[in-house]
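Student: With the input below, show me the fold.
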Amino acid sequence: MNPSMAFATVLIDELVRHGVRDIVLAPGSRSAPLAYAALEAEKAGRLRLHVRIDERSAGFLALGMAKIRRIPVPIITTSGTAVANLHPAVLEAHHAHVPMLVLSADRPPEMRAVGANQTTDQVKIFGNSTRWFYEFGVPERRAGQQDWWRSIVGRALAEATGIPAGDAGPVHLNIPLRAPLVPDVDSEGWPEDLSGLPRGESWLNIRQVDSHRAVAAGPGIAPVPRTLVVLGDLPEPSMAAEVAELADAAGWPVIAEPFGQYHRGRVTPHGALILRATEWLERNRPERVLVAGRTTLDREVGKLLRHPDVSVEVVTAGTSWAGSSHHTRRVHAWEDIERSRTAVASCADRAWSARWRRASTALSEAATPLIEGSWPSGMTVARTVVHNLPDGSAIVIGPSNIVRDLDLARNPNRIAREVVSVANRGLAGIDGMVSTAAGVALSRPERPTYALMGDLTFLHDGNALLIGPDNDKPDLTIVVLNDDGGGIFSTLEPGQDHLTDSFERIFGTPTGANLELVCRARSTQYELITDRDTLADRIANPSKGVRVLEVRIERSAERPLHERLAEVARHALAELD
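Tutor: Model (predicted):
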């Protein structure tokens, strides 16, 4: 066995011992030893190997799988631009606290800085976006290396999952390898036994690493009667339930962005619309806003958090937290949720909380006819999709208009229990959304998975549909709202009437893409949906494999609908109380 293959065999073996069950590979020459070792582990039934031809798609596939399981899915790449193409996924994992492990092959030192093919400086290529970086020495033919190799694997997984520091995120291991890079024809013995510890034990037991946090558990969350709880995007979907249950015990109203996994009945329906009724909100303003997760969707939330008479407190599970426009007065460790249940029980101002419930009911009655009557629109499509999701399913939500439409239009009480809702809100970009959704689907193959996104987001990651015949295929239904361009900008400042002359050229950016042909070229099921009932039926009855459902909407109708909805909200609450 040559040194490169010995190293790769030990590396993959130790990853499996730590619980890794999936690996994503973007093929290349320098990374060949890792690819061969991963293939052998798959043949032995120890893991699943997912091969992708596009490194960017490979990165987001791994990210999507880790979002649910919270175990890193290593990504193997060759050297050069292959590594650079992982940067978008690494950035998203960094900001969203998703565990990730990049295994980048590299040229040995003697081949660097001499113009060797596919060679660049890969040392800390991702800058400050990784939790940890380590470069191995070049494997050599001698005994006494595997303890070092195995120990580094354990440390890397601990750093990626946040066990030492509390914040999960990406870790980069750079691996210089010398030829030969393929298994030997005449296999020669290795100077030492490479089988590792007995009984499948890992070299480093990372469960025994002492955990410490920058945010220490304090006296708990105080029982402030007029507290509004705001739920954003959290690293683990189940974390939302803990916050929602605390609010329920206290009797506090909850406004939640459409992410997480929890009992939706605890959330104020159309909560985002309430914040647009500024006069009502001023009369019923909370004394304190308790924030959990990143709140990225609604500018009105930001305005409330900046109000001088509102105290802002944050609950965090790690060493960092969303800044809430630098108005945060207190930061609570996650342990404070559990220790505060008794202290805050039934502490809410009942009359004030009742007014929030009545406002939500009034808004639902006023807004529902407007939303339902706007088909086809982003709001009706989003609402139809989430209200017909089967129990136990997962939905991956794209960025820009669609997630905001969903935030405004959904009624949490009409969403099935145990639905898991996730998104890439670390940087909220359009990068890699199809791959992320495929990763989520592959991480929970026993249950249906859906994705909801716009046409530009879909087209940007079209290569994610290219899945070879020897790879596991996800069961994934992708709903694409096609408004032929950048619809989000029509609802923002560039969409104002006096700027219409420049809008299409630099913001609307229509492509005229035929999504049916895009799908056909990638052997993907496709259907154009023209009515709400058909869409509801397709969502309620998912099919096997990847299926794309296109719904075409008029981009020009989106801004007037948003404005009309805000006006309805103001009128509905004007005389309330």
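
Student: Which residue is the nearest non-sequential neighbour of the residue sitting nearest the centre point of the chain?
Tutor: What sits nearest the mean C-alpha location of the chain, by CA atoms, centre = their mean, is Asn424, with 3.5 Å. Distances taken as CB to CB, 6 or more residues apart in numbering place Glu92 nearest to Asn424, at 5.1 Å, with adjacent residues excluded. For glycine as for every other residue, the C-beta is placed from the backbone atoms N, C-alpha and C.

Student: The helix or strand harbouring the one you found: what's the following helix or strand?
Tutor: In the assignment (DSSP states H and E), Glu92 maps to helix 87-96. As assigned by DSSP H and E, the chain's next helix or strand after helix 87-96 is strand 100-106.

Student: Tell me where the stretch 201-350 of the chain has strands.
Tutor: Remark: strands assigned in the stretch 201-350 of the chain by DSSP state E, counting those that start in this stretch are 227-231, 254-256, 288-292, 311-316, 328-333.

Student: so how far is the third one from its chain's centroid?
Tutor: It stands for strand 288-292. In terms of CA atoms, centre = their mean, to the nearest Å, the centre of strand 288-292 is set 22 Å apart from its chain centre.

Student: Counting by contacts, list what that strand packs against.
Tutor: Where contact means 3 or more CB pairs under 8 Å, 6 or more residues apart in numbering; DSSP states H and E, strand 288-292 is packed against strand 227-231, helix 239-250, helix 299-305, strand 311-316.

Student: Any chance of the backbone angles for His498?
Tutor: phi -80, psi 0 (degrees, to the nearest 10).

Student: if I pick Asp121, what's in contact with it?
Tutor: Arg112 (CB atoms under 8 Å, 6 or more residues apart in numbering).

Student: so what pLDDT did it get?
Tutor: You'll see Asp121 listed with a pLDDT of 92.

Student: what about the longest helix in this protein?
Tutor: Longest helix in the chain by number of residues (criterion: DSSP state H): helix 350-372.

Student: Please work out which residues outside that helix touch it.
Tutor: So helix 350-372 is contacted by 225-226, 228, 251-253, 268-271, 273-274, 277, 280, 284, 377, 379-380, 383, 409, 411, 561, 564-565, 568-569, 571-573, 576-577 (CB under 8 Å, 6+ apart).

Student: where does the stretch 251-400 of the chain have low pLDDT?
Tutor: 264-265, 322-326 (pLDDT under 70).

Student: quick one: stretch 227-234 to chain centroid distance?
Tutor: Centroid separation for stretch 227-234 versus its chain: 17 Å, with CA atoms, centre = their mean.

Student: Show me what counts as buried in it.
Tutor: 227-234 (16 or more other CB atoms under 10 Å).

Student: pLDDT below threshold where in the protein?
Tutor: 164-165, 187, 206-218, 264-265, 322-326, 577.

Student: Relative to the centre of the protein, find the outermost residue for me.
Tutor: Each residue of the chain has a distance to the centre, and by CA atoms, centre = their mean the biggest one is for Asp186: 45.8 Å.

Student: And the strands in the stretch 351-500 of the chain?
Tutor: 394-397, 420-423, 449-454, 476-482.

Student: For the ones you listed, give me a markdown table that also has distance to Ile23 and mean neighbour count.
Tutor: Listed next are the strands of the stretch 351-500 of the chain as a markdown table, based on distance: least, CB to CB, whole Å; neighbours: other CB atoms under 10 Å:
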| stretch | distance to Ile23 | mean neighbour count |
| --- | --- | --- |
| strand 394-397 | 21 | 26 |
| strand 420-423 | 21 | 26 |
| strand 449-454 | 20 | 28 |
| strand 476-482 | 20 | 26 |
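
Student: Can you redo those strands as TSV, where the extra columns are distance to Tyr36?
Tutor: Output for these, formatted as TSV (distance: least, CB to CB, whole Å):
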stretch	distance to Tyr36
strand 394-397	32
strand 420-423	33
strand 449-454	31
strand 476-482	29
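
Student: Looking at those strands, spot the one closest to Thr511.
Tutor: strand 476-482 (9.8 Å; CB to CB).

Student: which residues are contacting that closest one?
Tutor: 378, 381, 385, 401-402, 434, 437-438, 441, 448-455, 458, 487, 515, 535, 538-539, 542-543, 545-553.

Student: same deal with stretch 183-195?
Tutor: Residues outside stretch 183-195 that contact it (CB under 8 Å, 6+ apart) are 1-2, 5-6, 9-10, 13, 36, 141-144, 146.

Student: ok, 10 Å please
Tutor: Stretch 183-195 is contacted from outside by 1-10, 13, 32-33, 36-37, 40, 140-147, 149-150, using CB atoms under 10 Å, 6 or more residues apart in numbering.

Student: Weed out the non-buried ones from these.
Tutor: Those of the contacts of stretch 183-195 that meet the buried threshold are 1-10, 13, 32-33, 36-37, 40, 145-146, 149-150, by 16+ other CB under 10 Å.

Student: And the chain, split by domain according to the record?
Tutor: 3-177, 227-361, 377-553 (automatic domain parsing).

Student: wait, what's in contact with Leu49?
Tutor: Contacts of Leu49 by CB under 10 Å, 6+ apart are 12, 22-25, 35, 38-43, 76, 470-472.

Student: looking at it, Ala249 is touching Ser346, isn't it?
Tutor: Yes. Under the criterion of CB atoms under 10 Å, Ala249 makes contact with Ser346 at 7.6 Å.

Student: Compare these two (neighbour count), which wins?
Tutor: Ala249 (17 against 9; other CB atoms under 10 Å).

Student: Could you measure from that one over to Ile478?
Tutor: Using CB to CB, to the nearest Å, we find Ala249 at a distance of 38 Å from Ile478.

Student: what do you get for Val546?
Tutor: To Ile478, Val546 is 7 Å away according to CB to CB.

Student: Could you do Asn514 as well?
Tutor: Relative to Ile478, Asn514 is positioned 16 Å away (CB to CB).

Student: Would you convert the domains of the chain into CSV that also reports distance to Pro219?
Tutor: Listed next are the domains of the chain as CSV, based on distance: least, CB to CB, whole Å:
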stretch, distance to Pro219
domain 3-177, 20
domain 227-361, 8
domain 377-553, 31
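
Student: quick revisit: now which of the contacts of helix 350-372 would you call buried?
Tutor: 225-226, 228, 251-253, 268-271, 273-274, 277, 280, 284, 377, 379-380, 383, 409, 411, 561, 565, 568-569, 572-573.

Student: Helices - which of those land there?
Tutor: Those of the buried ones among the contacts of helix 350-372 lying in helices (DSSP H): 271, 273-274, 280, 379-380, 383, 409, 561, 565, 568-569, 572-573.

Student: nearest to Gly302, of the strands of the stretch 351-500 of the chain?
Tutor: Using CB to CB, the nearest of the strands of the stretch 351-500 of the chain to Gly302 is strand 420-423, at 18.4 Å.

Student: elements contacting that closest one?
Tutor: For strand 420-423, the elements it packs on are helix 55-69, strand 394-397, helix 401-409, helix 433-443, strand 449-454, judged by 3 or more CB pairs under 10 Å, 6 or more residues apart in numbering; DSSP states H and E.
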